[in-house]
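J.: following is a predicted model, sequence given first.
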2 protein chains.
Amino acid sequence: MSREKCVLVGQSGGPTAAINASLAGVIAAGILEGARVEGMRYGIQGFLDGNSVRLDEAFVSRVDLELLRNTPASWLGSCRFKLPSPADNDAVYQQLFNRFEEIGASAVLYIGGNDSMDTIAKLAAYGRDNGSDIRFIGVPKTIDNDLVETDHTPGYGSAARFVATTMNELAYDADVYNLKSVTFVEIMGRDAGWLTASSALAFVEPDVVLLPEVPLDEDALMTRLEELLSKKNTVMVGVSEGVRTPDGRLVCEKASSGVGVDEFGHLAMLSGASRYLAALTKQRIGCKTRAVELSTLQRCASYVASRVDLNEAYDVGHAAVEAAFAGETAKMCAIERVSNDPYETRTKLVDVLSVANKVRSVPREWISADGMGVEKELIEYMRPLVGTLPAQLASLD
Amino acid sequence: MSREKCVLVGQSGGPTAAINASLAGVIAAGILEGARVEGMRYGIQGFLDGNSVRLDEAFVSRVDLELLRNTPASWLGSCRFKLPSPADNDAVYQQLFNRFEEIGASAVLYIGGNDSMDTIAKLAAYGRDNGSDIRFIGVPKTIDNDLVETDHTPGYGSAARFVATTMNELAYDADVYNLKSVTFVEIMGRDAGWLTASSALAFVEPDVVLLPEVPLDEDALMTRLEELLSKKNTVMVGVSEGVRTPDGRLVCEKASSGVGVDEFGHLAMLSGASRYLAALTKQRIGCKTRAVELSTLQRCASYVASRVDLNEAYDVGHAAVEAAFAGETAKMCAIERVSNDPYETRTKLVDVLSVANKVRSVPREWISADGMGVEKELIEYMRPLVGTLPAQLASLD
């Protein structure tokens, strides 16, 4: 007996500018398939508590879906919930599958990062082992761009567009006075430098980019900054929040643990890699320095969202529903780059187990030999995801 | 004997998204008047050091001028230079007027805030007293919107648009988890609350707005926050960096001076009004809190610039040149609001002496009786300057 078609979808992890575009794609495809579309409120956790919403009734018109596509953050709400293994806690699986049956789900989709792919992998395995015919598909989402098996992740292009645009504007701002200055802009991505690397797109010749993939050499950095300052007034540095010292400690920990208090006076009061490096540079080089933390603005600045990113986020959501109703399960709907120039992608299904709990770093060969810049391959990889930045003059210097 | 027509223009003070639009207006009008257009590099100070640039040669095409109009920060460079009175330092006036003569200036324009208007007033008075026929006109610019004798200032609308848009996006971001939270967003404007007030434009019913015009009542604020949290999950507070305690101290000083260390542990490590209030709220109410400082992003985020602002900035620059060649001097080119709905403005000349060194605060009657919100009059005043925000869904709650 074939049951009523019903897609159940949830959003998980940190918000992005594009996660609602994926949700819009899921809803549109669900309606096209003639399915009921149910949404988990506040992810798996909220769903366990009985929170769900009928999405095909909440979004009936094209206008509603278009607004949803352009609204940042998670419309359904999110959670940070790591599903235990069935061996450790079978009860939570029984509860979840009871809820799936209650709501009549024939397909369960989860939009998120590698934790969410882990959730999908575990649910699919549990379902298979217990005779459930529910299909489980993952929809990728993270500004960190650190999922394997996909060319890039929805959410990354928009965050990268915000970073590149903002870096450019901060450079204009820093350049107005006739004095030497170094600005350190701290960017999200604790384990992978993809988002920090996008700061390089702001400039024809980027100054310095510091990624977590390469240990920070403070002396080499100071030498490089002095060299740049000998040629121009304004030096801009993109710093990953996850940049580490050669002994593997986070630079931001070094700052807040009070190391260097004797050298820099009030440094124990500061936190963050950018603040540490600004204090260090001020002490060593003596020029004006500034630390800017982009904070949560970078993950959901939808007014500077990348068009390509929103379109692809929509497409993976749409394709995930189609895959589920074609009988696929335990898959993630990934993006494959068919061609870079002209830029062309298509969706493809990958085994969700091969994605769960893995981190994709920036390849070392895409980072310059001195570890403080990006190679042409990385620029070419990022540019179509971010799109053309607003047209502005170069500065006079 | 009539000399060759020559406009000399400088930019001063902090950068904005619209100051280059005023420069574009000056250049376009100068070219139309058949004048040579010279620019001071790094303001009066750089000009004294011999730095100038031929603007009518640097910007010859409409495309160049259009790019300049859309480029944030000061293309000419800026300075912070307070011109002394002639009684204290006559030499600097002699130097400046010699430089004016050398370059052949028939009109000197200065784009800036009330310090710049003070500069124009002093130069005009000195010129008049010493038989110079050079005309001096001020062009208003400040994100703080605190100049008197003008309905508003170029630069304000764009900064306010950034603040309102960002406030909206931060609210979406804060609302994704199913928990109670208060986010304090710290906004520029040490003496006047105009820019902080624009955070209210993000919402149909804004939560809390704290301006420097009204002393902060911490107990009343906590009561208000608890009341809001009883009705919804996510509370957003716009906080001016200049908000003060009833005894007149800056709240951010209170934070960094270490007051409250015993109560809040590490509070002495923090700085800024938003961080202080986030720590206070966490301690008193116990909910999740977050402090966001918009930092320099708010003053030159040109990608979210207000169209009205850029147009008006251009217009006051253009009109200032026309006024100078019509024989006016010691004036500022102000904006007069002819009608609010439909929104219509025109430029007008005001006595620059009546503007210099004065600060226009938000009228008390435009702030709600409890001092923590804005009245309808203020919303109606701000809305046309900021324009329509990007269309997005309201959140589910």
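T.: Noted; the coordinates are in hand.

J.: tell me the secondary structure for residue A:248?
T.: With DSSP: H, G, I helix; E, B strand; the rest coil as the basis, residue A:248 sits in coil.

J.: an error on my part: the question was meant for residue A:332.
T.: Per three-state DSSP, residue A:332 ends up strand.

J.: surely it touches residue A:349?
T.: Yes. Between residue A:332 and residue A:349 there is a contact under CB atoms under 8 Å: 7.3 Å. Every residue, glycine included, has its C-beta placed from N, CA and C.

J.: give me the more crowded residue out of the two.
T.: With neighbours defined as other CB atoms under 10 Å in any protein chain shown, residue A:332 and residue A:349 compare such that residue A:332 has more, 30 against 18.

J.: residues touching that one, list them.
T.: A:117, A:120, A:137-140, A:147, A:149-150, A:349-352, A:355 (CB atoms under 8 Å, 6 or more residues apart in numbering or on different chains).

J.: looking at those residues, which is nearest chain B?
T.: Nearest to chain B among the contacts of residue A:332: residue A:139, at 16.4 Å, using CB to the nearest CB.

J.: ramachandran angles for the closest one?
T.: Phi and psi for residue A:139, reported as degrees, to the nearest 10, are phi -120, psi 120.

J.: pLDDT at residue A:293, what is it?
T.: On pLDDT, residue A:293 comes in at 89.

J.: PyMOL command for the buried members of the contacts of residue A:332?
T.: Only the buried entries of the contacts of residue A:332 go into this PyMOL selection, using 16 or more other CB atoms under 10 Å in any protein chain shown:
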select buried, chain A and resi 117+120+137+138+139+140+147+149+150+349+350+352+355
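
J.: which of the contacts of residue A:332 fall in strands?
T.: Within the contacts of residue A:332, residues falling in strands by DSSP state E are A:137-140, A:349-351.

J.: in the stretch 101-250 of chain A, what residue comes closest to chain B?
T.: residue A:172 (3.7 Å).

J.: dump the contacts of residue A:332 to CSV, plus pLDDT and distance to chain B.
T.: Listed next are those as CSV, based on pLDDT from 0 to 100; distance: CB to the nearest CB, whole Å:
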residue, pLDDT, distance to chain B
A:117, 96, 19
A:120, 97, 20
A:137, 98, 22
A:138, 98, 19
A:139, 98, 16
A:140, 98, 18
A:147, 97, 20
A:149, 97, 26
A:150, 98, 23
A:349, 98, 28
A:350, 98, 27
A:351, 97, 29
A:352, 97, 23
A:355, 95, 23
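
J.: reformat the contacts of residue A:332 as CSV; add distance to residue A:156.
T.: Output for the contacts of residue A:332, formatted as CSV (distance: CB to CB, whole Å):
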residue, distance to residue A:156
A:117, 16
A:120, 20
A:137, 20
A:138, 16
A:139, 14
A:140, 10
A:147, 9
A:149, 15
A:150, 10
A:349, 20
A:350, 17
A:351, 21
A:352, 19
A:355, 15
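
J.: can you give me the strands for the stretch 151-300 of chain A?
T.: Assignment of strands within the stretch 151-300 of chain A using DSSP state E, counting those that start in this stretch yields the ranges A:181-187, A:208-210, A:234-240, A:288-293.

J.: could these be laid out in JSON lines, adding mean neighbour count and distance to residue A:199?
T.: Below are the strands of the stretch 151-300 of chain A laid out as JSON lines (neighbours: other CB atoms under 10 Å in any protein chain shown; distance: least, CB to CB, whole Å):
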{"stretch": "strand A:181-187", "mean neighbour count": "25", "distance to residue A:199": "6"}
{"stretch": "strand A:208-210", "mean neighbour count": "26", "distance to residue A:199": "6"}
{"stretch": "strand A:234-240", "mean neighbour count": "28", "distance to residue A:199": "3"}
{"stretch": "strand A:288-293", "mean neighbour count": "21", "distance to residue A:199": "11"}
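
J.: against residue B:196, how distant is the residue nearest the centre of chain A?
T.: The centre of chain A sits closest to residue A:143, judged by CA atoms, centre = their mean, with a distance of 1.1 Å. From residue A:143 across to residue B:196, the span is 28 Å (CB to CB, to the nearest Å).

J.: can you check residue A:226 too?
T.: In this structure, residue A:226 lies at 40 Å from residue B:196, with CB to CB as the measure.

J.: residue A:317 now?
T.: Counting by CB to CB - residue A:317 and residue B:196 are separated by 38 Å.

J.: those two: who's more crowded?
T.: For residue A:317 and residue B:196, the more surrounded residue by other CB under 10 Å is residue A:317, and the numbers stand at 32 against 29.

J.: need the per-residue pLDDT for the more buried one.
T.: With respect to pLDDT, residue A:317 has a value of 98.

J.: on the three-state scheme, it is what?
T.: Following three-state DSSP, the label given to residue A:317 is helix.

J.: wait, it touches residue A:29, no?
T.: Yes. Residue A:317 is within contact range of residue A:29, at 7.1 Å (criterion: CB under 8 Å).

J.: how about the helices in chain A?
T.: Using DSSP state H, the helices of chain A run over A:19-32, A:43-48, A:55-58, A:62-69, A:90-103, A:114-129, A:156-174, A:194-197, A:218-229, A:251-256, A:261-264, A:273-284, A:307-325, A:376-386.

J.: among these, which is the most enclosed?
T.: helix A:194-197 (a mean of 30; mean count of other CB atoms under 10 Å in any protein chain shown).

J.: that helix close to chain B?
T.: No. Taking CB under 8 Å from any CB of the partner chain as the criterion, helix A:194-197 and chain B are apart, separated by no less than 15.9 Å.

J.: same for that helix, what does it pack against?
T.: Secondary-structure packing of helix A:194-197 (3 or more CB pairs under 8 Å, 6 or more residues apart in numbering or on different chains; DSSP states H and E): helix A:156-174, strand A:208-210, strand A:234-240, helix A:376-386.

J.: any chance of the ones you listed in JSON lines, with mean pLDDT too?
T.: Shown next, in JSON lines, are those (pLDDT from 0 to 100):
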{"stretch": "helix A:156-174", "mean pLDDT": "95"}
{"stretch": "strand A:208-210", "mean pLDDT": "98"}
{"stretch": "strand A:234-240", "mean pLDDT": "97"}
{"stretch": "helix A:376-386", "mean pLDDT": "97"}
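
J.: now for those, which one comes closest to residue B:81?
T.: helix A:156-174 (18.8 Å; CB to CB).

J.: for that closest one, what is the distance to the chain centroid?
T.: Between the centre of helix A:156-174 and the centre of its chain there are 16 Å (CA atoms, centre = their mean, to the nearest Å).

J.: stretch A:34-43 now?
T.: Per CA atoms, centre = their mean, the centroid offset for stretch A:34-43 relative to its chain is 23 Å.

J.: next, the distance between the ends of that stretch.
T.: One end of stretch A:34-43 to the other measures 24 Å (CA to CA, to the nearest Å).

J.: only the buried residues of that stretch, if you could.
T.: So, applying 16+ other CB under 10 Å, buried residues of stretch A:34-43: A:35-43.

J.: contacts with chain B among those, please.
T.: Among these, the ones lying close to chain B by the criterion of CB under 8 Å from any CB are A:41-42.

J.: could you identify the most distant pair in the buried residues of stretch A:34-43?
T.: Among those, the pair separated by the greatest distance (CB to CB) is A:35 and A:42, at 22.3 Å.

J.: any low-confidence regions in chain A?
T.: Low-confidence segments of chain A, defined by pLDDT under 70: A:1-3, A:254-271, A:395-397.

J.: wait, what's in contact with the closest residue to residue A:9 other than its chain neighbours?
T.: Of all residues not flanking residue A:9 in the chain, residue A:109 sits nearest, at 4.4 Å (CB to CB, 6 or more residues apart in numbering or on different chains). Residues near residue A:109 by CB under 8 Å, 6+ apart: A:7-10, A:26, A:136-139, A:317, A:320-321, A:324.

J.: over to residue A:348?
T.: If you count contacts by CB under 8 Å, 6+ apart, then residue A:348 has A:333-336 around it.

J.: and the stretch 1-150 of chain A, which residues reach chain B?
T.: A:14-15, A:41-42, A:45-46, A:51, A:53, A:64, A:67-68, A:70-80.
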